[in-house]
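A.B. asks: I would like the atomic coordinates for the input below:
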Amino acid sequence: MVKLAANLTMMFNEHGFLDRFAAAADAGFTAVEFLFPYDHPVDQIAERLDRNNLQLALFNLPPGDWSAGERGMAAVPAQRSAFPGSVALAIEYASILKPARLHLMSGHGRRDDPEAVAAYRDNIALACAASAPLGIDIVIEPINNRDMPGYFLNNFDWAAALIEQLGHPNLKLQYDIYHRQILHGDVLTSLAALLPIIGHVQIAAVPHRHEPGSGELDDIGILQNLDALGYTGFVGLEYRPMGDTVAGLVWRDRLTSMENQ
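C.D. replies: Residues are numbered from 1 along each chain as shown. From the prediction side, this is the model:
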């Protein structure tokens, strides 16, 4: 049975961020994820997780200036001096919130730029070394350039090769089914091939990033296949509900019903 984690950045937006934890628990979730916790004191988030008996699957390292269009720092040579501070902040939060994974965003750049590649490799090593004592994996995620133009890490094969080359024991792939379909397709075959390096999975329907089952893929079939492959990590629900979040969870009820047959 797949372990679903509600993404509190995208889901339950009927509530303020700190109230989304209770809303997710009331809707039957036992795990959550979110993009960035840094606008809120860490003790407030920890209290909401504890009060609602929620596991934290994942959150992201600081992305730089999000409002100015920055989408990560790791592959941006000009951010080398700022990057260690961003890791330290993430580790400060992670040491209290205890997520299973931390997502390291690459930022904008070109993979044919040797300085960007060098910065990325070095910064991945720094993040992996900082998170290893906590028993936390670092995950890197290929993101399609339609949603995030100019994003450095936009190829699954390149990401997989890099993970193998670097050889950090706590470096894994974040496999987002939505991004995979837009970038390359071939979801089922690639899930099986990449399973040994996958640390976290996310899902949303293609092409509009709404509830699973509302797009061009058989999302429920994909989740069943993922379970059959033996994946034991979390599946983050990084989708934008078409309307009310709870009303849109009928797809989850359908998945649960099929799993219980």
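
A.B. asks: CA atoms for contacts and neighbours, from now on please.
C.D. replies: Will do.

A.B. asks: and Arg71, what does it touch?
C.D. replies: By C-alpha atoms under 8 Å, 6 or more residues apart in numbering, the residues touching Arg71 are Pro63, Gly64, Asp65, Met105, Ser106, Gly107, His108, Tyr151.

A.B. asks: quick one: the helices in this structure?
C.D. replies: Ranges of helices in the chain, per DSSP state H, are 20-26, 42-51, 83-97, 114-131, 156-166, 177-183, 187-194, 219-228, 250-259.

A.B. asks: As TSV, these with distance to Ile138 and mean pLDDT would be great.
C.D. replies: Listed next are the helices of the chain as TSV, based on distance: least, C-alpha to C-alpha, whole Å; pLDDT from 0 to 100:
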stretch	distance to Ile138	mean pLDDT
helix 20-26	24	98
helix 42-51	20	98
helix 83-97	11	98
helix 114-131	6	98
helix 156-166	11	98
helix 177-183	19	98
helix 187-194	16	98
helix 219-228	21	96
helix 250-259	28	88
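
A.B. asks: Can I get these in CSV including distance to Pro142 and mean neighbour count?
C.D. replies: Shown next, in CSV, are these (distance: least, C-alpha to C-alpha, whole Å; neighbours: other C-alpha atoms under 10 Å):
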stretch, distance to Pro142, mean neighbour count
helix 20-26, 27, 20
helix 42-51, 28, 15
helix 83-97, 20, 18
helix 114-131, 13, 19
helix 156-166, 6, 15
helix 177-183, 7, 21
helix 187-194, 13, 14
helix 219-228, 19, 17
helix 250-259, 26, 13
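
A.B. asks: Go through those and name the closest to Met73.
C.D. replies: Smallest distance to Met73 across these (C-alpha to C-alpha): 6.5 Å, for helix 83-97.

A.B. asks: The closest one vs helix 42-51, what angle?
C.D. replies: Interaxial angle, helix 83-97 versus helix 42-51 (axes from the mean of the first three to the mean of the last three C-alpha atoms, to 10 degrees): 40 degrees.

A.B. asks: Show residues contacting helix 83-97.
C.D. replies: The contact list for helix 83-97 (C-alpha under 8 Å, 6+ apart) reads 42-43, 45-46, 56, 60-62, 73-74, 123, 126-127, 130-131, 134.

A.B. asks: re the thing from before, among the contacts of Arg71, which one has the most neighbours?
C.D. replies: In terms of neighbour count, Ser106 stands highest of these at 28 neighbours, by other C-alpha atoms under 10 Å.

A.B. asks: ok, now which ones touch it?
C.D. replies: Contacts for Ser106 (C-alpha under 8 Å, 6+ apart) come out as Arg71, Gly72, Met73, Ala74, Ala75, Val76, Tyr120, Ile140, Tyr151, Phe152, Leu153.

A.B. asks: quick one: it and Leu18, what's the gap?
C.D. replies: From Ser106 across to Leu18, the span is 27 Å (C-alpha to C-alpha, to the nearest Å).

A.B. asks: Now distance to Glu14 too, for the helices of the chain, in a markdown table please.
C.D. replies: Shown next, in a markdown table, are those (distance: least, C-alpha to C-alpha, whole Å):
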| stretch | distance to Glu14 |
| --- | --- |
| helix 20-26 | 8 |
| helix 42-51 | 17 |
| helix 83-97 | 24 |
| helix 114-131 | 33 |
| helix 156-166 | 34 |
| helix 177-183 | 24 |
| helix 187-194 | 32 |
| helix 219-228 | 25 |
| helix 250-259 | 18 |
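
A.B. asks: Cheers, nothing more for now.
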